[in-house]
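Q: Okay, sequence plus prediction incoming.
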Number of protein chains: 2
Amino acid sequence: METRLKDTLIPVRDRMEELIRFKQKQIAAALQALEPQKTFHVDEWDREDGKGGGVTMVLQDGKVIEKAGIGISIIHGVLPPAAVARMKVNHKNLKAAVDGTIEFKVCGLSMIVHCTNPHAPTVHLNYRYFQTSDPETGKSDAWWFGGGADLTPTYLYEDDAKLFHQCHKDALDKFDVSLYPKYKSWCDEYFYIKHRNEARGIGGIFFDDVDIKSADELLLMVNECLGAFLAAYIPILARRIHTPFTDAEKHWQQVRRGRYVEFNLVIDRGTQFGLQTPGARIESILMSLPLNATWIYDHHPEPGSREEQLVEVLKNPKQWI
Amino acid sequence: METRLKDTLIPVRDRMEELIRFKQKQIAAALQALEPQKTFHVDEWDREDGKGGGVTMVLQDGKVIEKAGIGISIIHGVLPPAAVARMKVNHKNLKAAVDGTIEFKVCGLSMIVHCTNPHAPTVHLNYRYFQTSDPETGKSDAWWFGGGADLTPTYLYEDDAKLFHQCHKDALDKFDVSLYPKYKSWCDEYFYIKHRNEARGIGGIFFDDVDIKSADELLLMVNECLGAFLAAYIPILARRIHTPFTDAEKHWQQVRRGRYVEFNLVIDRGTQFGLQTPGARIESILMSLPLNATWIYDHHPEPGSREEQLVEVLKNPKQWI
């Protein structure tokens, strides 16, 4: 894998596709090892219009994992003029065809894990590569990478937050030490539930429309970030999934799941875009939703409780490292 | 109440406020009678900017009622030019101030009931009166009524659907026999979960921006519709809340609750508007969410089952009467 990733004779898009196919299986295997009684359900799907497809893997209702979804999609198509106009804000060199449309290819890996144990945090990850074609030459015109990974605990463990951030910082530092602070802040800003005045979780990294380095180098950076994710999250799970928990703690987890649903359905641009896209596979988009969620009217944690300690950190995002 | 409602010397807005205050208590009392062990929690609230307030009543985690919310709000303020422009589409005679803004007053009643028993349907109701002022004279410039009521069963009982629609048809027929067919279709169109290709429930009535009759007459029509709601829903509850049910039926109810959350958070214009409004009381807006909801990846009911029978009707909305 590493050798092929560095082989600049292979188009970046093809190497990214190989990477996400490989990482989907690798992440699934790592989670599967924690949940031997259940297996991932695998759906290979094609878009009805023939414009690509993907593989959605879901494991739900396990002993350790309440719901895990790992999806890849490899899609191509034509962007309408309105979408092109929006993209030109960040990519001024985009060349549209005479009718204002642009051909695009996108491939990405998206995943989420909601755990049974309220002491084990939810995690979300998404990395994607987007590429447009010059309508005259058919060659790649503009391209960019986007993505990130972020952690959403129900109970705050500072060690987990620090490990998650440190692993991602180490991965990014190999390419440019200015990246982690920037992508950390971007993550805090993006994963923010405006109507609740609180962050979704304790953050991680997030970036979009990134073409500041060569595509070859950014592909390697995404690979490093994917490695950082596994290096952080699997040990975090290993030390939390056996923690004894009470009904009240499980209940608090379900309330926090409600906030997760609010973010994903009300705010997340990717979900909104997916739900409005004709021909999109809805089940692959909404695999991110938890198995269960609760809404209690006007719920507030007890002053001084561990539940309040979490909310405090969500209202005032911290520098973890 | 009836006498004052017809007293045209009292401004319509004041009569509407009296009506919703009265109906909030009346509906709460009717529900309370079915749930004697619990009481409604009552929150009287004022907006921080002093521009009105409301009363939110919630009863949750009962034996019969999983969650019921009944809210009234009486708000006034200034609409920004962008909102005025959108409103002019339906109200061409709106007069804005020199800076493009318009003063408005709105009062409304909004309610929802999610039942414990999966055989008892969820109901939603909302009626509101909106009024703008001519910036020069300060007098009412444009006004309109909006609202409706709709039923969302987990299991289909045709008798319930028929009773709910018949009561609302009877109420509207007293004013104009052309209204029910129109408002029934409007309801089917509005409460539609586009990304699922299915209706939220079996419908009811819905209308908005209505000023086709005198405000005096429309106020009486809203009063009739509120009467129709109680006449339909309380008997429906009485005959369903004691139906024995299985864990599998409860589970199906929770899956349908997930769809309800999807509609309210992704599609409902009122919720979206509320969540984006600075100073809005979020808990009063989100009281509509169920106590619990479930998302199962790629869930489909068994062919020929009662669960599939419901989905069939949601995919192909029917004329019930």
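A: Alright, I've got the coordinates. Residues are numbered from 1 along each chain as shown, chains lettered A, B, ... in the order given.
Q: Can you show me the strands along the stretch 101-250 of chain A?
A: Along the stretch 101-250 of chain A, counting by DSSP state E, counting those that start in this stretch, strands occupy A:102-115, A:122-133, A:140-152, A:192-193, A:198-199, A:203-210.
Q: nearest to B:V266, of those?
A: Taking CB to CB, strand A:192-193 is the member of the strands of the stretch 101-250 of chain A nearest to B:V266, at 15.1 Å. Glycine gets a C-beta too; all of them are placed from N, C-alpha and C.
Q: tell me the contacts of the closest residue to A:F175 other than its chain neighbours?
A: Leaving out its chain neighbours, the residue that sits closest to A:F175 by CB to CB, 6 or more residues apart in numbering or on different chains is A:M221, at 4.9 Å. Applying CB atoms under 8 Å, 6 or more residues apart in numbering or on different chains to A:M221 gives the contacts A:F145, A:A171, A:L172, A:K174, A:F175, A:K213.
Q: Just the endpoints, please. Distance across stretch A:77-90?
A: Its start and end residues considered, stretch A:77-90 measures 20 Å (CA to CA, to the nearest Å).
Q: of the contacts of A:M221, closest to A:L314?
A: Among the contacts of A:M221, A:L172 lies closest to A:L314 (CB to CB), at 23.6 Å.
Q: Please verify my assumption that that closest one contacts A:I205.
A: Yes. Using CB atoms under 8 Å, A:L172 is in contact with A:I205, at 6.9 Å.
Q: got any residues that touch both of these two?
A: Counting by CB under 8 Å, 6+ apart, the shared contacts of A:L172 and A:I205 are A:Y180, A:Y183, A:C225.
Q: tell me which of those residues is nearest to A:D298?
A: Using CB to CB, A:Y183 is the member of these that lies nearest A:D298, at 35.3 Å.
Q: residues contacting the residue nearest to that closest one when sequence neighbours are not counted?
A: In space, and not counting its chain neighbours, A:Y183 is closest to A:I205: 3.9 Å by CB to CB, 6+ apart. By CB under 8 Å, 6+ apart, the residues touching A:I205 are A:G148, A:A149, A:D150, A:H168, A:L172, A:Y180, A:Y183, A:K184, A:W186, A:C187, A:C225.
Q: got the residues of the stretch 51-200 of chain A near chain B?
A: Residues of the stretch 51-200 of chain A lying close to chain B by CB under 8 Å from any CB of the partner chain are A:V58, A:Q60, A:K67, A:G69, A:K194, A:H195, A:R196.
Q: hmm, 7 Å instead?
A: Within the stretch 51-200 of chain A, the residues that sit near chain B (CB under 7 Å from any CB of the partner chain) are A:V58, A:Q60, A:G69, A:H195, A:R196.
Q: Run a quick neighbour tally on the last one.
A: In terms of burial, A:R196 registers 18 neighbours under the definition other CB atoms under 10 Å in any protein chain shown.
Q: what angle sits between the helix or strand bottoming out on mean pLDDT in chain A and strand A:140-152?
A: Lowest on mean pLDDT, DSSP states H and E among the helices and strands of chain A sits helix A:81-88, with a mean of 82. In terms of direction (axes from the mean of the first three to the mean of the last three CA atoms, to 10 degrees), helix A:81-88 departs from strand A:140-152 by 80 degrees.
Q: Residues in contact with helix A:81-88: which ones?
A: With contact meaning CB atoms under 7 Å, 6 or more residues apart in numbering or on different chains, helix A:81-88 is reached by A:L94, A:A96, A:G100, A:T101, A:I102.
Q: tilt between that helix and strand A:122-133?
A: Helix A:81-88 runs at 100 degrees relative to strand A:122-133, counting by the same axes, to 10 degrees.
Q: what about helix A:81-88, distance to the chain center?
A: A distance of 24 Å separates the centroid of the chain from that of helix A:81-88, by CA atoms, centre = their mean, to the nearest Å.
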